[in-house]
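**Q** show me the folded form of this:
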Amino acid sequence: MRNSADMMVQVCCQGGSGLVSLSVNVAPDSTLQEAIQSSGILKRLPDIDLRTQKVGVFGKLKPLDARLHPQDRIEIYHPLLADPMEARRRRAKKQKS
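**A** Numbering: from 1, shown residues only. Below you'll find the model as predicted:
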């Protein structure tokens with residue numbers, strides 16, 4: 001049930017079939033972790049592991065115990081599969097060949 005004192009936030013993560021973005025109402029003193037758990041995204045994307053994956057708000061890394069503000073967009077990041085600089089070097093080398 002939505003309380004008039006609640007605030008709306010968004011929880012986003014890239015899933016296997018595209019971006020998953022869920023809106024959730026949370027209490028004003030909620031943390032990132034509480035909002036993520038309340039959103040249901042952990043059930044929808046069971047490969048998410050908050051012990052190892054980083055999270056942020058609007059592209060800035062934040063700890064799971066960070067407090068939220070109205071309309072925040074929480075992002076759950078997947079680890080990089082390759083170093084971006086090394087991937088660029090490989091593409092540049094391939095183009096020269």
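**Q** can you list the low-confidence ranges for the chain?
**A** By pLDDT under 70, the low-scoring segments of the chain are 1-4, 80, 97.
**Q** and what about residue 52, helix, strand or coil?
**A** The three-state assignment at residue 52 reads coil, by DSSP: H, G, I helix; E, B strand; the rest coil.
**Q** quick check on it: phi, psi?
**A** phi -120, psi -30 (degrees, to the nearest 10).
**Q** residue contacts, it?
**A** Counting by CB atoms under 8 Å, 6 or more residues apart in numbering, residue 52 touches residue 79. C-betas here are computed from N, CA, C, even on glycine.
**Q** what distance do you get for residue 63 to residue 55?
**A** Counting by CB to CB, to the nearest Å, the gap from residue 63 to residue 55 is 8 Å.
**Q** with neighbour numbers in mind, choose between the two.
**A** residue 55 (21 against 11; other CB atoms under 10 Å).
**Q** the more buried one pairs with what?
**A** residue 62, residue 76 (DSSP bridges).
**Q** and what of residue 31?
**A** Beta-bridge partners of residue 31, as defined by DSSP bridges: residue 67.
**Q** what's the single longest helix in the chain?
**A** helix 84-96 (DSSP state H).
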